[in-house]
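Trainee: Below: sequence and its predicted model.
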Amino acid sequence: MLTNSRIAYHRHDHKRCINAALCRARELCDARKARFTPIRETVLKTIWASHRPLGAYDIVDQMSQSETSAPRILPPTVYRAIQFLLDQGLIHRLSSLNAYIGCPFPGNYHSDFFLICEQCGSTAECSDDQVDHAVKHAAGRADFQVGSKVIEIVGICPECQV
Ligand SMILES: [Zn+2]
Ligand SMILES: [Zn+2]
Ligand SMILES: [Zn+2]
């Protein structure tokens, strides 16, 4: 069982999450000979600004706000960077929210399931072999070939329950 739920919902030094995520991304891209360009890095950093999923429009918005002196960032550039990060498994897309979230364990095989707080938006990612087995078993019985699976569970996080 893999999860980042302990930190995703509670107060912590989030700079460490960002630094760790950027560090892992650099290592993975180096190992795969994929180019981790400054724009891709900035997009990843923007998505990792919190543990809440961010829509593509918000990513563009936040980037153009923080880079006032730099040349204007065009949405297609950002969308291409998002696609790159998705392809590398550095972020995931949550279809129920049409938003993106940084992956805390890229490069490791994991079953993507997400616990999304409907009040504050904080989202934890989990991976569990038993969930994998259950999905495989159900799909197998239906002779169904599984492509991608992202399981999204909506509810209330521990911080919002009080
Ligand atoms: Zn954090
Ligand atoms: Zn992940
Ligand atoms: Zn919450």
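Mentor: Right, received. Where do you want to start? Since this is a predicted model, take the numbers as computed values, not measurements. Numbers count the residues shown, from 1 in each chain. Ligands and ions are numbered 1, 2, ... in the order given.

Trainee: How many residues are close by Lys45?
Mentor: The number of residues packed near Lys45 is 18, by other Cβ atoms under 10 Å. Every C-beta, even on glycine, is put in place using the N, C-alpha and C of the backbone.

Trainee: got a list of what the closest residue to ligand 1 within the chain touches?
Mentor: Minimum separation of the chain from ligand 1 (Cβ to the ion) falls at Cys17, amounting to 3.1 Å. Residues counted as contacts of Cys17 (Cβ atoms under 8 Å, 6 or more residues apart in numbering) are Ile7, Trp48, His51, Pro104.

Trainee: Am I right that it is in a helix?
Mentor: Yes. With DSSP: H, G, I helix; E, B strand; the rest coil as the criterion, Cys17 is located in a helix.

Trainee: how much space between Phe144 and Phe113?
Mentor: Per Cβ to Cβ, to the nearest Å, Phe144 is found 18 Å from Phe113.

Trainee: Neighbour count: the two, which is higher?
Mentor: When neighbours are counted by other Cβ under 10 Å, Phe113 comes out ahead of the other of Phe144 and Phe113, with 19 against 10.

Trainee: pretty sure the more buried one contacts Glu125?
Mentor: Yes. Using Cβ atoms under 8 Å, Phe113 is in contact with Glu125, at 7.4 Å.

Trainee: from what I can see Ile18 touches Thr46, true?
Mentor: No. Counting by Cβ under 8 Å, Ile18 does not reach Thr46; the two are 10.1 Å apart.

Trainee: who has more neighbours, the two?
Mentor: Between Ile18 and Thr46, Thr46 has the larger neighbour count (other Cβ under 10 Å), namely 22 against 17.
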